[in-house]
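1. Take a look and give me a structure for this.
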Amino acid sequence: MTDAEKQRVEFRRILSIGVGAWNKWRRDHPHARPDLSRADLRNHWLRKADLHGANLFRANMWGVNLENANLRDADLGAVNMWQANLNGADLTGANLRYVRLVETQMAGASVSGAAIYGASVWDIKGIPCAQENLIITPADQPQITVDSLEVAQFIYLLLKNEKIRHVIDTITSKVVLILGRFSQERFAVLTRIRDELRTRDYLPVLFDFEKPANQTTVETISTLAHMARFVIADLTDARSVLQELQEIVPRCPSVVIQPLLLAPQAVPGMFDFFRKFSWVLKPHLYRSQKALLASLTRVIAGAEAGVERQRRLPGNGESQTRRNR
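-> Numbering: from 1, shown residues only. Model (predicted):
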């Protein structure tokens, strides 16, 4: 057995005694860098353990309790931390490249300055208290940093994958969200609008308000609205559409809303709420499906003009909202 192997055995022996003995040894040897690489630490209780600067490369730390542990500048490369407890742990400056953080508890953890290229982050529990300057590039490449652990993978793919960039550009430049009721008569109108938008190289997304609304519905509509170039909302016999617009309009100042309304129905009183938002256009009145389709070019042109106006406003229209208030 080599000296290095003997040292690794000794490090693991001390750690197996308990956190108290381990931390005392660390205090007595402040400059040591313990080698615990490839150690099997599954389900170990290492709460408040001092592992700063330790080499834990490829260790198995599935289910380990590292609550409030000191892991500053530690090498956790390729470590399995599935269902581990990292609540309150300090991982500042740690090497987290290729680490597996799946269902890992991270409430109050600090990961600022950590290197996370290749990390697998899925369904983490809790929100880290500090996650600035995360390095998402390999060690041999110029550093690119982001400030969110969960979106880091997406940002890297966005930078490196031309197909993903193309998909996102396509979504934000072509998606049109269509809101309305799916009663038999109204559905026919909405589908004709959808089909017509397709012929004009848009990507229409049709949302059904006939089904019961709940919090998931609101979140889904909000997500779709944020991705859309503009929204066409048929208010005819659709009070629920107005209610949902009340939720999404204030949150989406860059997304133009073009309301439609079948004449001779009057504009609902609830619509007064939207008049202060510059990105909600004047309702387009139509007397028949045929008349609506005939005027759709004008409707789309008005929506596109609204998109351009909003883009020229400071803060995507937020300053305009404040003036109207």
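2. got the domain boundaries for the protein?
-> Segmentation of the chain into domains, based on automatic domain parsing, reads 1-160, 166-324.
3. Next, the distance between the ends of the longest one.
-> Put plainly, it is domain 1-160. 45 Å (C-alpha to C-alpha, to the nearest Å).
4. Offset the numbering so it begins at 55, please.
-> With the count now opening at 55, the last piece we talked about shows up as domain 55-214.
5. I figured Pro88 hits His106, correct?
-> No. The pair Pro88 and His106 fails to qualify as a contact (C-beta atoms under 8 Å) at a distance of 9.7 Å. All C-beta atoms are positioned from the backbone trio N, CA, C, and that covers glycine.
6. Could I get the full set of strands for the stretch 255-379 of the chain?
-> 257-262, 284-288, 310-316, 338-340 (DSSP state E, counting those that start in this stretch).
7. let me fix that: the stretch 55-204 of the chain
-> 154-156, 174-176, 188-189, 199-200.
8. what about this protein, any weak spots by pLDDT?
-> 216-226, 236, 262-271, 368-379 (pLDDT under 70).
9. hmm, try it at 80
-> 204, 207-209, 211-227, 235-241, 261-274, 276, 291-294, 367-379 (pLDDT under 80).
10. got the phi/psi numbers for the residue positioned nearest the centre of it?
-> Of all residues in the chain, the one closest to the mean position by C-alpha atoms, centre = their mean is Val205, 6.1 Å from it. The phi/psi pair for Val205 (degrees, to the nearest 10) reads phi -100, psi 0.
11. and it, how far is that from Arg293?
-> Distance, Val205 to Arg293, using C-beta to C-beta, to the nearest Å: 37 Å.
12. ok, now Glu358?
-> From Glu358 to Arg293 the distance is 28 Å (C-beta to C-beta).
13. neighbour-wise, which of those two wins?
-> Counted by other C-beta atoms under 10 Å, Glu358 and Arg293 do not tie: Glu358 has more neighbours, with 14 against 11.
14. hang on, the more buried one packs against Phe284?
-> Yes. Using C-beta under 8 Å, Glu358 is in contact with Phe284, at 7.5 Å.
15. ranges for the helices of the stretch 255-379 of the chain?
-> 269-281, 293-302, 343-348, 350-366, 372-378 (DSSP state H, counting those that start in this stretch).
16. who's in contact with Leu150?
-> Residues in contact with Leu150 (C-beta atoms under 8 Å, 6 or more residues apart in numbering) are 130-131, 165, 168-170, 173.
17. Would you check that Asp127 makes contact with Gly147?
-> Yes. In this structure, Asp127 is within contact of Gly147 by C-beta under 8 Å, at 4.6 Å.
18. contacting residues around Ile302?
-> Counting by C-beta under 8 Å, 6+ apart, Ile302 has contacts 272, 275-276, 279, 309.
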